[in-house]
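Trainee: A structural model of the following input is requested.
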Amino acid sequence: MQSKGLIKFLVVVVSLACLYSLSFTFVTRKVESDAAEYAQGDMLKEKAYLDSVAGQVVYNLGVAKYTYREAKAREIALGLDLKGGMNVTMEISLDELIRNLANNPKDQAFNKSLESALAKSKSTNTSLIDLFVDEYKASGSGTPIASFFATKDNAASVNANNSEGQVRTWLKREADNAIENSYKVLRTRIDKFGVASPNIQIQQGTNRILVELPGIKDEDRVRKLLQGSAKLEFFETHSNPDVYPLLENIDKTLAAALRNDKTSTASATSNDTTATDSTASDANLLANLGAKNNETDTSAVQAQLAQQNPLFAILNPSVYQGQNGQPSLTPGATVGYAHLKDTARVNQYLTRPEVRSMIPSNLKFMWSVKPEHNSPDFLSLFAIKTSNTETGAVLTGDVITEARDDFDQNNRPVVSMGMNAEGARQWRRITAQAAQSNASIAIILDGVVYSAPTVNEEIPGGNSSISGNFTIDDTKDLANVLKAGRLPTTAKIVEEAIVGPSLGQAAIDAGVNSAVIGFIVVMIFMVAYYNRAGIAANIAVVFNVFFLLGILASLNAVLTLPGIAGIVLTMGTAVDANVLIYERIREELGLGKSMRQAIADGYKHAMPSILDSQITTLLVGVILFFTGSGPIQGFATTLIIGIITSLFTAIFISRLIFEYLLDKGKKISVSFPWSANTLQNANFQFVAKRKLYFTISIVVSILCIISIFTKGFSLGVDFQGGRTYTVRYDNNVNLEDVRSNLDAVFGLTTEVKTFGSENQIKVTTTYHIEETSDEADGEVLAKLNEGLSKVGDNKYEILSQQKVGPSIASDIRDRAIYAAIFSILIIAAYILIRFRRWQYSVSAAISTTHDGIVLLGIFSVLDGLVPFSLDIDQHFVAALLTVLAYSVNDTVVVFDRLREYLSKPFGKNENLGSTINKAINSTLSRTIITSLTLIFVLAVLFIFGGEVIRGFSFAILIGIIVATYSSIFIAAPTMYDLTPDDSAVQESSPKVKETKAVTN
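Mentor: Modelled structure (predicted):
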């Protein structure tokens, strides 16, 4: 084995890197365990504990130290299906943006085109802007589309002579800015909401934003928080020296009030000595978490400061060291700085009744949108002056005509801003007044301060330059905020899923159980069949899972239940490469070679098949990653990484183990006596009997197609739209009773299915399918509860719910169809490139299409006949593509062996049918063993993996059986029939008619 030292070094480095990545998960779990132990079930106390340690070092490696917040950002995060919480897809109203950009024209052709485009967007993946421009062009209106957008506000970007293409490009750029700004607003709102480990991402190529909020319990509050419109405003400010005396008085008032609160609490609890500790000392305890019994002078000082100066103990006044060395109040609107964990406490203090009465009516305190670069754990508090307007702002964002990130004469990042005539007139007055005292003007969006630049002079023309301690990213963000100020766009929830914590815990238990059992099954089977070589394969599988989890952690990937299924499936596919190698070693041993030579040649000759089979699966994984969303992306991520780690461990780690055993003179066995000759001398006439197999496949495919077009499918809510709920009753329920009650309430047919046990059901309704408002959600939920409550004296609980709007459903459905078609085409293209014969490519495409039709047909036929859900949804599409990948995987192994045989002398002189038979028979052991391993693992997933992925695992389980059949009986025999008599498939001799006659 060449480069053995380099491979050992690589294994050690990768192992250490994975251990490092995984260590953060262990650290954060330990901290969270301590928090849970401290809180004793009180979620508020648990959150307060975690907030208090967010900036504390919890992981010290000597060369590097990590706070809890930093460690949390590097752990393996759990998806909502495992942790519970809320998942929503927000859609930015681009129709509203288009109208605002055109100043809401009354033109009939314009509005009719926009309405038509909006209707079409619900059933197509084409962007609303493209649809609108095309619709307007088709309307035949004589007014150029550019004239609607050539307003004073847009004068810098659009004029009436612009072409249709230029307007289209400009609209798309404005839409991207609006989406980006909405993303930032949502991110800020969610950070203020205090959700642990939220996931917010723009769905590229769409006007949608995905938001995942683990552990959320107040769904209504979240909906209001996410869907409220944001408004950009400009406020005057108070100066820090003017406000500081007020803060001093507030601090003294708080100290007295808190002492009174403490005295009252002590008096109320004087008869219960065991109850005095918790309430009175929570603030001190949380401020000194981690110290526990190590009382220091510092903690004593902090405790005394918290009693005497409660506000200034957590809010540092904005001061600097003057020329005399004494602290002086910093000029400007910033009045203090507070640690991120303390901002909630500051807000609590400032909203106490005795404090609110002290604050003037024209003063508001607002936080900065994010920490400064030199103090990443602290937010700035600003003193905002309110005017006599309705909102208190002196100017609103709708006056801004242009904003861009720029550089000043010293090449420092700045933001250039322009206003319309009315804005410029007011801006001149505002800046003239502010310049008299070098006051600041605060730029505020959604209640937080993005910037508060100091005004040095009057700005007469409305064109301003905002400078400060900015980075390039800062100026880009601020420019986007300013541009969005004149174009407020609303975001509405078009897809929503809520998973209760009990269902999430059940999913974790099911996932862990299936993973452990699947791991044990694979290990037992490999040792039972391959003897000592099976032990080497098992060690490789252990490293494979370890590397897989480590890489997932390093990529900050989110682990979902389908992701766990991917890990379990990876255990099965991980042995595929080992099986290919071991079967080849057994063949080499059969030729009389020594064990050392047989291992070397086995690895060498198995390599093309290993690479070809794994690359085809990798391609499908990549397609799934880019077309799927949420849990499906989690599955795709796991599948892709699993393939890479499987190749590494099978090719290198198992080889290192063999080399070690050979160097030590240890005996190596690749079989037991009973398994040594399994299928070794198989001589089945697959080509001769191909017409029988074709007939069976054609008949089954026709029956499946008939069922598909007559009975159809049960579509999941993500494919048809609507709302679905998982409900658990205390006792078993009759599905027909529930269905009839819900049909009567909703006035239409409701789908009710058993979900796991007989007391757990899944309800899907299309009532108000076109409406995604909160009012519609409330009405549907009320009617659902009305129908569910009629099922006798049987209490129930809604464990999870999901809402999918029609536009989302159409998008998901179309992407699924495209993904399936594209997968077949890209696999066929790869095989064409790899094998250089169209017969190979077309045969593989026919075989995989056959597998897809049969699997779809089985789901259609069995739907309603089996006691679990067989919905066609995103999970099914992931399963289908996985099956197609496996089918090609098996087929490619046969084709590789066929190509090898055709390059040898006997292959050139032998008829093609005999060569194909030999290729299939020689790989039959590998095909059967790999399929059995996967079937064992999938059976474990199906039985123990939980109800959420039961249909998913069933689809792959059945699909593997079908794919094994097609790879043996359909693919290569089809290639034989596609090869004309005069085609030189062999490198030298043609396939002649006499050859074909003999084969028949």
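Trainee: Low-confidence bits of the stretch 901-1000 of the chain, can you list those?
Mentor: For the stretch 901-1000 of the chain, applying pLDDT under 70 flags the ranges 906-908, 981-1000.
Trainee: can you pull out the helices in it?
Mentor: Secondary structure of the stretch 901-1000 of the chain (DSSP state H, counting those that start in this stretch): helices at 905-909, 912-922, 924-944, 950-969, 971-978, 993-999.
Trainee: mind putting the ones you listed in CSV, distance to residue 219 and mean neighbour count included?
Mentor: For glycine as for every other residue, the C-beta is placed from the backbone atoms N, C-alpha and C. Converted to CSV, these look like this (distance: least, Cβ to Cβ, whole Å; neighbours: other Cβ atoms under 10 Å):
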stretch, distance to residue 219, mean neighbour count
helix 905-909, 66, 13
helix 912-922, 56, 23
helix 924-944, 31, 21
helix 950-969, 26, 24
helix 971-978, 50, 23
helix 993-999, 66, 13
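Trainee: These: which one's closest to residue 334?
Mentor: The stretch from these with the least distance to residue 334 (Cβ to Cβ) is helix 950-969; that distance is 53.5 Å.
Trainee: elements contacting the closest one?
Mentor: Counting by 3 or more Cβ pairs under 8 Å, 6 or more residues apart in numbering; DSSP states H and E, the packing neighbours recorded for helix 950-969 are helix 561-590, helix 690-710, helix 838-862, helix 874-902, helix 924-944.
Trainee: returning to that earlier point: now the helices of the stretch 901-1000 of the chain in JSON lines, with distance to residue 231?
Mentor: Written out in JSON lines, the entries for the helices of the stretch 901-1000 of the chain read as follows (distance: least, Cβ to Cβ, whole Å):
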{"stretch": "helix 905-909", "distance to residue 231": "76"}
{"stretch": "helix 912-922", "distance to residue 231": "69"}
{"stretch": "helix 924-944", "distance to residue 231": "50"}
{"stretch": "helix 950-969", "distance to residue 231": "44"}
{"stretch": "helix 971-978", "distance to residue 231": "62"}
{"stretch": "helix 993-999", "distance to residue 231": "78"}
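Trainee: Of the ones you listed, which is nearest residue 796?
Mentor: It's helix 950-969; of those, that one is closest to residue 796 (Cβ to Cβ) at 21.7 Å.
Trainee: any idea how far residue 190 is from residue 927?
Mentor: To residue 927, residue 190 is 50 Å away according to Cβ to Cβ, to the nearest Å.
Trainee: Need the contact partners of stretch 352-368.
Mentor: 238, 243, 246, 249-250, 253-254, 257, 335, 343, 349-350, 379-387, 392, 442, 444, 447-450 (Cβ atoms under 8 Å, 6 or more residues apart in numbering).
Trainee: looking at the helices of the stretch 901-1000 of the chain, which is closest to residue 405?
Mentor: Distances from residue 405 to each of those were compared using Cβ to Cβ; the shortest belongs to helix 950-969, at 46.0 Å.
Trainee: chain center to the closest one, what's the gap?
Mentor: Here helix 950-969 is found 27 Å from its chain centre; the criterion is Cα atoms, centre = their mean, to the nearest Å.
Trainee: Of the contacts of stretch 352-368, which belong to helices?
Mentor: Among the contacts of stretch 352-368, DSSP state H puts 243, 246, 249-250, 253-254, 257, 343, 349-350 in helices.
Trainee: Select only the buried ones of the residues you listed in PyMOL?
Mentor: If you want just the buried ones from the ones in helices among the contacts of stretch 352-368 in PyMOL, going by 16 or more other Cβ atoms under 10 Å, the selection is:
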select buried, resi 243+246+250+253+254+257+343+349+350
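Trainee: hmm, which two among the ones in helices among the contacts of stretch 352-368 are most spread apart?
Mentor: 249 and 343 (21.1 Å).
Trainee: Leaving out chain neighbours, which residue sits closest to residue 832?
Mentor: Using Cβ to Cβ, 6 or more residues apart in numbering and skipping residues adjacent in sequence, the residue nearest residue 832 is residue 841, 3.8 Å away.
Trainee: now that neighbour: how far from residue 830?
Mentor: From residue 841 over to residue 830 the distance is 8 Å, taken as Cβ to Cβ.
Trainee: And the two? Which one has more around it.
Mentor: Summary of the neighbour comparison: residue 841 and residue 830, criterion other Cβ atoms under 10 Å, with residue 841 having more neighbours (23 against 19).
Trainee: Thought residue 831 was touching the more buried one, still the case?
Mentor: Yes: contact status for residue 841 versus residue 831: in contact at 4.6 Å, counting by Cβ atoms under 8 Å.
Trainee: what about residue 211, which helix or strand?
Mentor: Using DSSP states H and E, residue 211 maps to strand 208-214.
Trainee: next one: residue 37
Mentor: Residue 37 belongs to helix 4-39 when elements are defined using DSSP H and E.
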